[in-house]
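Chemist: Got a predicted structure plus its sequence, pasted below:
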Amino acid sequence: MTTITARIPQVDWSKGFERHWIGGNPAATHAFNALSFLFPQAERFFIEVTREVVRSIAIDDNLELQRAIKGFIAQESTHSNQHDQYNAVLEKQGFENVVHELVDRLQERSRRDFSPLTKLAIVCGYEHYTAILGNFILSNPQVLKPASPDMALVWGWHSAEETEHKAVCFDLYRAAGGGWLRRVLVFLLVTLNFTLMFGRLYFSLLHRDGRLRPSRLFGTIGQFLRFFFGGSGVAWHLLGQGFRYLSPLFHPWNQDNRRKLQAWLAINQTRLREIGQR
């Protein structure tokens, strides 16, 4: 199992960042910004569900999984904290998380209506998508090449850590007795929910940025199509990798991208501080 280490990117959020921090490209920038608005609530829910399931099963004899869960929780806690600071900058720029209350309601409903194992299946589905996005960024460094150095660091760091812990919840799900049918049915629900939440946030950000006005719409559409559906577009990556999850033989490390992860860490380690170090 990959060693899971929580780190903090050395970024001064008080300085803020450019409004269109990916080379002046609003369509690409707001794709990442929309994800950032989604992350803190999601990651705190992932931690809550993981702890709930751990309390309900016996994993005392699985020290490797115990260590992995601790690493996962430490990483996700750090991610939510860093993206809270990121999102505070977005709010100062005049943007709004238009799905915050809706996500709260959906999470509360899942707490009330779903079993711990089904909630963990939800977490596994979302973790599959964050792993795909992480691999996309690690595999396509040109995507963040035009970005400001601090923001490229933040998204590379998040991608690296999502890769490190991508199998933790999946392994916990199987240890808790979770089966194929439940995780596949839940994954289809997660796919629909993620698409709708992301789309609503993304187009809200573009709208608030004035990028859907008639005078700017044509340029925005061109940027959108290149980012999502160009030669190395993220949409093709999501489609190509997403539905591998449906296989009964699926495991996150069937796609072993640790070499890409280690290569990124080797280049950027001086700008990361491991938790517990000063």
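Modeler: Arrived safely. Residues are numbered from 1 along each chain as shown.
Chemist: switch to C-alpha atoms for all contacts and neighbour counts from now on
Modeler: OK.
Chemist: what about the strands in the stretch 151-278 of the chain?
Modeler: Taking DSSP state E, counting those that start in this stretch as the criterion, the stretch 151-278 of the chain carries its strands at 272-274.
Chemist: quick one: whichever strand or helix holds residue 41 to chain centroid distance?
Modeler: Here residue 41 sits within helix 26-56, counting by DSSP states H and E. Relative to the chain's own centre, helix 26-56 is displaced by 6 Å; criterion: Cα atoms, centre = their mean, to the nearest Å.
Chemist: and residue 58, what does it touch?
Modeler: If you count contacts by Cα atoms under 8 Å, 6 or more residues apart in numbering, residue 58 has none.
Chemist: any idea how far it is from residue 66?
Modeler: Distance of residue 58 to residue 66, given as Cα to Cα, to the nearest Å: 11 Å.
Chemist: same deal with residue 94?
Modeler: 42 Å.
Chemist: rewinding a little: for the helix holding residue 41, what is the average pLDDT?
Modeler: Per-residue pLDDT over helix 26-56 has a mean of 97.
Chemist: Please point out which parts of the next helix or strand after it sit buried.
Modeler: Downstream of helix 26-56, the first helix or strand assigned by DSSP H and E is helix 63-92. Within helix 63-92, the residues scored as buried using 16 or more other Cα atoms under 10 Å are 65-66, 68-90.
Chemist: Check stretch 184-195 too.
Modeler: Using 16+ other Cα under 10 Å as the burial criterion, the residues of stretch 184-195 that qualify are 184, 186, 187, 190, 191, 194.
Chemist: Same check on stretch 114-132?
Modeler: Residues 116-132 are the ones in stretch 114-132 that count as buried (16+ other Cα under 10 Å).
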